[in-house]
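Enquirer: what follows is a protein structure lacking sequence information:
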């Protein structure tokens, strides 16, 4: 894909759902395959239904935010964020980045960074001092991306596919605020 225009970010709508799912599926397939997961394991039909349900809920929810990165009218990236999903985390102290996905043909073009900045603005607007996310430990591309943006492991994890965990990362927003 050739990106001719600037990247803009806008709120996602239900009309976008099929394109959101396409971006999510393409990105997910690419990073799981790069991490050694068998192609058939990444193409689980139940997971596809779960993605549709999750994105529909994120778009409709008054407590969550779903955004699309758009270039020349085409959705090239997506992100979802909101209160922490874990009941062990106090929602007044942290916001969760549920996911960022960028179409693989748009990787390395700044789309993920623009979506990440949208999440940081979400935290600042909500006066939350920190962000939380989980990433598959074999997704080295995403782990490097988050490390460049200041995310650090917080010690938490949960089991993931192919005996590889999802690891929790934390971002302290105060470190990233620009001076006035």
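Expert: Arrived safely. The model shown is predicted, which means the values in this text are computed figures rather than measured ones. Numbers count the residues shown, from 1 in each chain.

Enquirer: residue 131: which element?
Expert: strand 130-136 (DSSP states H and E).

Enquirer: same question for residue 168.
Expert: strand 166-172.

Enquirer: who does that strand pair up with?
Expert: strand 130-136 (antiparallel), strand 152-158 (antiparallel) (DSSP bridges).

Enquirer: so how far is it off the chain centroid?
Expert: 12 Å (CA atoms, centre = their mean, to the nearest Å).

Enquirer: one step back: any idea which helix or strand comes after the strand holding residue 131?
Expert: helix 140-148.

Enquirer: chain center to that next one, what's the gap?
Expert: Counting by CA atoms, centre = their mean, helix 140-148 comes out at 12 Å from the chain centroid.

Enquirer: buried stuff in it?
Expert: 141-143, 145-146 (16 or more other CB atoms under 10 Å). Quick note: C-beta positions are derived from backbone N, CA and C, even for glycine.

Enquirer: and that helix, what's its mean pLDDT?
Expert: Helix 140-148 shows a mean pLDDT of 94 in the predicted model.

Enquirer: who are the packing partners of it?
Expert: If you count contacts as 3 or more CB pairs under 8 Å, 6 or more residues apart in numbering; DSSP states H and E, helix 140-148 packs onto helix 17-34, strand 130-136.

Enquirer: most tightly packed of those?
Expert: Of all the helices and strands packed on helix 140-148, strand 130-136 carries the top mean neighbour count, a mean of 22, counting by mean count of other CB atoms under 10 Å.

Enquirer: ok and that strand relative to helix 17-34, angle-wise?
Expert: Counting by axes from the mean of the first three to the mean of the last three CA atoms, to 10 degrees, strand 130-136 lies at 60 degrees to helix 17-34.

Enquirer: give me the contacts around strand 130-136.
Expert: Contacts to strand 130-136, defined as CB atoms under 8 Å, 6 or more residues apart in numbering, come from residues 31-32, 35, 84, 89, 93-98, 119-120, 123, 142-143, 146, 151, 154, 156-158, 160-161, 164-173.

Enquirer: cool, stretch 26-40 as well?
Expert: Under CB under 8 Å, 6+ apart, the answer for stretch 26-40 is 41-43, 101-104, 136, 138-142, 161-162, 164.

Enquirer: again, only using 10 Å
Expert: 41-43, 47-48, 51, 77-78, 99-107, 112, 135-142, 160-162, 164 (CB atoms under 10 Å, 6 or more residues apart in numbering).

Enquirer: if I look at the residue lying closest to residue 155 once chain neighbours are set aside, how far off is residue 85?
Expert: Once flanking residues are discounted, residue 155 sits nearest to residue 168: 7.2 Å by CB to CB, 6 or more residues apart in numbering. Distance of residue 168 to residue 85, computed by CB to CB, to the nearest Å: 11 Å.

Enquirer: cool, thanks, talk later.
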